[in-house]
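Asks: Compute the structure for the input listed below.
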Amino acid sequence: MAKWNRAKIKRHMSVEEIDQRTKKLEKDFKLLNRLYFIKNRYNRDSVEVAASKSGVTKRVGYIWQERWNKEGYKGLKPKYSGGRPSKLTGQEKKELKELLKERDDWTTKEVKNMIQDKFNVEYSLKQVGIILKNL
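Replies: Numbers count the residues shown, from 1 in each chain. Below you'll find the model as predicted:
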């Protein structure tokens, strides 16, 4: 085994804390990228050129510009609508959480099957993993 592989790493924070900070920085990066787009527009770049420099399509560039024109800085902040609504209601998620407390060794496939049997809702294994993480 390589010597560098045995080096210990000090854990200053949990993996969950790292994930939370990573998400915040990703949002900040998106906002920074949008501000660079606006700056490039101020510097007389066309929407197409400014969008290209920001790594987005011309259509997205027009959306950003429209938001900027209507709302200023606030309009550039990423707006996350949360995606598609969950197939499980809030009450069903609470019920699922209670059911999961019965054991501590569930597999994702077992949970997937339980959701399908109990709530008549079908999810992929990946989505069940996301639900479990959020619970």
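Asks: Stretch 112-132 - what's its average pLDDT?
Replies: Throughout stretch 112-132, pLDDT has a mean value of 92.
Asks: Next, the distance between the ends of it.
Replies: 10 Å (Cα to Cα, to the nearest Å).
Asks: Mind listing residues that contact that stretch?
Replies: 87-88, 92-93, 95-96, 99-100, 108-109, 111 (Cβ atoms under 8 Å, 6 or more residues apart in numbering). Just so you know, the C-beta spots here come from the backbone N, C-alpha and C atoms, and that holds for glycine as well.
Asks: which stretches of the protein aren't confidently modelled?
Replies: 1-5, 80-82 (pLDDT under 70).
Asks: Show the contacting residues for R41.
Replies: Neighbours of R41 in contact, by Cβ under 8 Å, 6+ apart: 47, 50, 65.
Asks: nope, L35 is what I meant
Replies: L76.
Asks: quick one: the longest helix that the chain contains to chain centroid distance?
Replies: Counting residues, the longest helix found in the chain (DSSP state H) is helix 15-42. Its chain's C-alpha centre and that of helix 15-42 lie 12 Å apart, by Cα atoms, centre = their mean, to the nearest Å.
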